[in-house]
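J.: Sequence first, predicted coordinates after that:
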Amino acid sequence: MRQIVIYPGEDGFWLAQCPSLPGCLSQGLTKSEAISNIKEAIELYIECLEEDGLLVPEEKYEMMAMLV
């Protein structure tokens with residue numbers, strides 16, 4: 001399981017990133033598309049690390065919503 005962050009970009013696209021995998025970013029025209037795209041990006045990211053014999057970073061982030 002991986003945590004993701006999703007937020008609206010300035011260009012009308014939704015941006016998604018996986019903080020535990022540096023540089024693992026994606027986008028989509030809708031939230032749903034961005035989530036689908038980041039899922040694929042995470043899978044490919046991990047696959048590439050494993051193929052190269054590199055360690056896959058553990059999920060170390062905990063997400064929290066806070067009212068301010």
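T.: That came through fine.

J.: which strand residues sit across from the closest residue in space to residue 36 that isn't next to it in sequence in the sheet?
T.: Leaving aside its chain neighbours, residue 36 sits nearest to residue 28 (6.9 Å; criterion: Cβ to Cβ, 6 or more residues apart in numbering). (Each C-beta comes from the backbone N, C-alpha and C, glycine too.) Listed by DSSP bridges, the beta-bridge partners for residue 28 are residue 14.

J.: I'd like the distance between residue 28 and residue 35.
T.: Distance, residue 28 to residue 35, using Cβ to Cβ, to the nearest Å: 7 Å.

J.: burial measure for residue 32, as a count.
T.: Look at residue 32: counted by other Cβ atoms under 10 Å, it has 10 neighbours.

J.: likewise residue 51?
T.: Neighbours of residue 51 (other Cβ under 10 Å): 8.

J.: what does the one 10 residues further on give?
T.: By the measure other Cβ under 10 Å, the count of residues near residue 61 is 13.

J.: In a strand, it, correct?
T.: No - according to DSSP: H, G, I helix; E, B strand; the rest coil, residue 61 belongs to no strand; its state is coil.

J.: hang on, the earlier thing: between residue 28 and residue 35, which contacts overlap?
T.: Applying Cβ atoms under 8 Å, 6 or more residues apart in numbering, one finds that residue 28 and residue 35 are jointly contacted by residue 16.

J.: Please compute how far the host helix or strand of residue 50 lies from its chain's middle.
T.: Taking DSSP states H and E as the definition, residue 50 sits inside helix 31-51. Centre-to-centre, helix 31-51 and its host chain are 7 Å apart (Cα atoms, centre = their mean, to the nearest Å).

J.: what sits against residue 41?
T.: Residue 41 touches 18, 24, 25, 26, counting by Cβ under 8 Å, 6+ apart.

J.: Show me the shaky parts of this structure.
T.: Within the chain, not a single segment meets pLDDT under 70.
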